[in-house]
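**Student:** can't give you the sequence, but here's the structure:
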């Protein structure tokens, strides 16, 4: 037998396991790295957990706002909350109160839709002294 014959005989014995190992490596790689592999599954699980935490945070904020809205309903009006909103929105104070604006402190009004303070116009830099006697 010549050298070429030995190589052909050995190639016939080796080609099957090499093809099987290549196919196994291909599927193993895609089982870990593919679009639906283990890493994508772990990443998707983390995204689901993040979405749940965000949902819980938003739900808690929504419940707090809903309870404040219920307190402002005409059938169950809460005077303290109404006074707080009047003070925040219109800048009203009692007659015997003294308002001292601090320099460098943000003194914006509160927007009725959001909880974040809205910027106050520069034309109204002075504090207003208006009575709350009618409430």
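**Tutor:** Received, thanks. In this text the structure is predicted, and so the values were computed from the model without any measurement.

**Student:** centre-most residue in this structure?
**Tutor:** residue 54 (4.8 Å; CA atoms, centre = their mean).

**Student:** in which helix or strand does that residue reside?
**Tutor:** Element membership of residue 54 [criterion: DSSP states H and E] is helix 38-71.

**Student:** how far does that helix sit from its chain's centre?
**Tutor:** How far helix 38-71 lies from its chain's middle: 7 Å, per CA atoms, centre = their mean, to the nearest Å.

**Student:** would you say residue 16 is within a strand?
**Tutor:** No - assessed with DSSP: H, G, I helix; E, B strand; the rest coil, residue 16 is helix; it does not lie in a strand.

**Student:** give me the number of residues near it?
**Tutor:** 9 (other CB atoms under 10 Å). (Glycine included, C-beta is placed from N, CA and C.)

**Student:** check residue 29 too.
**Tutor:** Around residue 29 there are 11 other residues, counting by other CB under 10 Å.

**Student:** where in the chain is pLDDT low?
**Tutor:** 1, 102-135 (pLDDT under 70).

**Student:** can you pull the phi/psi pair for residue 22?
**Tutor:** When read as degrees, to the nearest 10, the backbone of residue 22 gives phi -70, psi -40.
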